[in-house]
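A.B. asks: Sequence and predicted structure, then a few things I'm wondering about:
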Amino acid sequence: MGKIRIGIIGAGLRGTYEYASYLSEHMDNCEIVSVVEKRKGRREVFKQKYNIKEEYVFENIEEFLKQDKIVDGVIITSGDDRHYEHAKALLEKGYNILLETPITNTLDRLVHLNDICEEYKDKVFMASNLLRYNSVLAKLKEIIDSKELGELINIQYSNKIGYWKFAHDYVRGNWRNSSDTSPLILNKGCSDIDVLLHLIGSKCKKVASFGDLKHITNEKFKLNMSESCMGCSIEIECPYSAKKIYLQDNKKENYAVHIDPTEENLLNILAEGPYGRCIYRCDNNVVDHMINILEFENGVKATLNLYAFAKESEICINLMFSHGEVVASLLKEEIIIRKFIDEKDNIVNLKSDNKEKEEHKIIKDFIKLISEKDFTENKSTSKSTIESHYIAFALEYSRVSEEVVYVDDFFETAINMTREIELALL
């Protein structure tokens, strides 16, 4: 078999500078031959950066689908609201797919994805559950399964989004309005729920959720502030300042602000565009903190905290066992094992100079699955991802309704309602 041909659907930050970049630089057995992107500037950047022929550059998915099959697999990094539509159409055309999470942003589409996964078992249909490839989490699973600390009782899981990252994504950025994209528990938390399911090894029974938009609101705007960070009198003392976030460091997020993020270009676009706005004058509605409680069928309980207000972006996990506890940091790549019977802690350091990023591991798996056509080795199927998503929807329903939600009943009701509505529309 020759080189695996790959197309990218959505030439944004991750499509252009994460997936495509790795494929181009490190994968000798594949090549990027096509891109679909609605924004002309980003389309042109991608075409030039990866030397894509003009006839394989498309403005929309409809133009791409009119062609005969031109690639062996596609990586979908379009907006959350287009994931289902793109995945369905591409599977029907016969393509293998790696789909960014969340795999869809509505409950009725999740019901349909469940059916689609059954229908297209002859294709690679992966979801980008990147944390399934994390070495710290793999070690935690090993510790749990070994029973060396006894019975697993409880997990405390904290996803510290980080103050500046939250401002970029959920206040000024593309995910600032949950009505247009998806709620925080789905957009950010579905991967964390997937981790909890994997570690605990049991179905989730019931959930409850509490959270709201407490701080980053229009009501916090004061008279000595400005609509834009570029002319604000207190900008120098504000940690959320767009100047501090985008001009002091060469972050990858700068490429989301401008396709050519020179200092001059950034200054100009921050003065005019949404990324330069005061965080207290944006049209955001995504919760800035939430606490989620999950009970599993095997009796294990877990809390999942998602919040903006942290200095650094990181995931911290505490596991409580009958005979010990474990504290883990994905940022430090460190696990501390504390057996009640031992006086000293056992510190496991998993840092490595040659460690691969999770995105790169999943790309390698995707290419391998297409090449070998052995789908039994797919460790991140879209089918296996559905459970984390309907738990996320159940948690959001709990938060809004202030009710404890039984997960299986919730999804069964969603399935029945979806079917009834569609029959009524026939």
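C.D. replies: On my side now, so go ahead.

A.B. asks: Any stretches of the protein with poor pLDDT?
C.D. replies: 1 (pLDDT under 70).

A.B. asks: in it, which residue is closest to the centre?
C.D. replies: In the chain, the centroid-proximal residue (CA atoms, centre = their mean) is Thr101; its distance is 4.9 Å.

A.B. asks: so who does that one touch?
C.D. replies: Going by CB atoms under 8 Å, 6 or more residues apart in numbering, Thr101 touches Ala127, Ser128, Asn129, Cys190, Ser191, Thr385. All C-beta spots, glycine's among them, are computed from the backbone N, C-alpha and C.

A.B. asks: In this structure the last one contacts Leu130, no?
C.D. replies: No - taking contacts as CB atoms under 8 Å, Thr385 lies outside contact range of Leu130: 11.7 Å.

A.B. asks: quick one: which of those two has more around it?
C.D. replies: Thr385 (28 against 18; other CB atoms under 10 Å).

A.B. asks: correct me, but Ser382 touches Glu119?
C.D. replies: No - with contact defined as CB under 8 Å, Ser382 does not count as touching Glu119 (11.9 Å).

A.B. asks: Between these two, point out the one with more neighbours.
C.D. replies: Ser382 (27 against 10).

A.B. asks: Give me the distance between that one and Asn285.
C.D. replies: Note on Ser382: its distance to Asn285, by CB to CB, to the nearest Å, is 28 Å.

A.B. asks: Also Lys214?
C.D. replies: For Lys214, the distance to Asn285 - CB to CB - is 13 Å.

A.B. asks: ok, now Arg109?
C.D. replies: 21 Å.

A.B. asks: now swap in Val257 and tell me
C.D. replies: Relative to Asn285, and taking CB to CB, Val257 is found at 21 Å.

A.B. asks: Compare the two (neighbour count), which wins?
C.D. replies: Val257 (23 against 14).

A.B. asks: And that one, its phi and psi?
C.D. replies: phi -80, psi -40 (degrees, to the nearest 10).

A.B. asks: List the contacts of it.
C.D. replies: Contacts of Val257 by CB under 8 Å, 6+ apart are Tyr246, Leu266, Ile269, Leu270, Gly273, Tyr275.

A.B. asks: sec struct for Ile370, please.
C.D. replies: What DSSP: H, G, I helix; E, B strand; the rest coil gives for Ile370 is helix.

A.B. asks: still on that earlier bit, determine which two of the contacts of Val257 are furthest apart.
C.D. replies: Spatially, the most separated pair among the contacts of Val257 is Tyr246 and Gly273, at 10.9 Å (CB to CB).

A.B. asks: More neighbours: these two, which one.
C.D. replies: Tyr246 (26 against 15).

A.B. asks: did I read that right, that one in a strand?
C.D. replies: No - under three-state DSSP, Tyr246 falls outside any strand and is assigned helix.

A.B. asks: right, and it touches Tyr275 too?
C.D. replies: Yes - at 6.8 Å, Tyr246 counts as touching Tyr275 under the criterion of CB under 8 Å.

A.B. asks: Now do stretch 88-105: distance from first to last residue.
C.D. replies: 14 Å (CA to CA, to the nearest Å).

A.B. asks: tell me how far it is from the chain's mean position?
C.D. replies: 15 Å (CA atoms, centre = their mean, to the nearest Å).

A.B. asks: Please point out which parts of it sit buried.
C.D. replies: Buried residues in stretch 88-105, counted by 16 or more other CB atoms under 10 Å: 88, 90-91, 95-105.

A.B. asks: nearest to Met27, of these?
C.D. replies: For the buried residues of stretch 88-105, the nearest to Met27 is Leu98 (13.1 Å; CB to CB).

A.B. asks: so what's that closest one bridging to?
C.D. replies: Beta-bridge pairing of Leu98 under DSSP bridges involves Ile75, Met126.

A.B. asks: Okay, Arg109 and Leu196: tell me how far apart.
C.D. replies: In terms of CB to CB, Arg109 sits 23 Å off from Leu196.

A.B. asks: For these two, indicate the residue with more neighbours.
C.D. replies: The neighbour comparison of Arg109 against Leu196 (other CB under 10 Å) goes to Leu196, with 23 against 20.

A.B. asks: For the closest residue to the more buried one other than its chain neighbours, what is the enclosing helix or strand?
C.D. replies: Distances taken as CB to CB, 6 or more residues apart in numbering place Ala302 nearest to Leu196, at 5.2 Å, with adjacent residues excluded. Using DSSP states H and E, Ala302 sits in strand 301-307.

A.B. asks: Give the partner strands of that strand in its sheet and their orientations.
C.D. replies: strand 152-160 (parallel), strand 289-296 (antiparallel).

A.B. asks: measure stretch 298-316 end to end?
C.D. replies: With CA to CA, one end of stretch 298-316 sits 23 Å from the other.

A.B. asks: For that stretch, which residues meet the burial criterion?
C.D. replies: Val300, Ala302, Leu304, Asn305, Leu306, Tyr307, Ala308, Ala310, Ile315, Cys316.

A.B. asks: got the residues you listed as TSV, with distance to Phe210 columns?
C.D. replies: Converted to TSV, the buried residues of stretch 298-316 look like this (distance: CB to CB, whole Å):
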residue	distance to Phe210
Val300	20
Ala302	15
Leu304	11
Asn305	10
Leu306	11
Tyr307	12
Ala308	15
Ala310	18
Ile315	20
Cys316	20
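
A.B. asks: Determine which two of these are furthest apart.
C.D. replies: Val300 and Ala308 (27.5 Å).

A.B. asks: in the stretch 51-200 of the chain, which spans are strands?
C.D. replies: For the stretch 51-200 of the chain, the strands defined by DSSP state E, counting those that start in this stretch cover 57-58, 73-76, 96-99, 125-127, 152-160.

A.B. asks: Please read the previous query as pertaining to the stretch 201-350 of the chain.
C.D. replies: Under DSSP E, counting those that start in this stretch, the stretch 201-350 of the chain gives strands at 204-212, 289-296, 301-307, 314-321, 324-329, 334-339, 346-349.

A.B. asks: what's the closest of the ones you listed to Tyr406?
C.D. replies: strand 204-212 (4.9 Å).

A.B. asks: Any buried residues in the closest one, and which?
C.D. replies: Per 16+ other CB under 10 Å, strand 204-212 contains these buried residues: Cys204, Lys206, Val207, Ala208, Ser209, Gly211.

A.B. asks: Surely the last one touches His289?
C.D. replies: Yes - the pair Gly211 and His289 passes the contact test of CB under 8 Å, sitting 5.7 Å apart.
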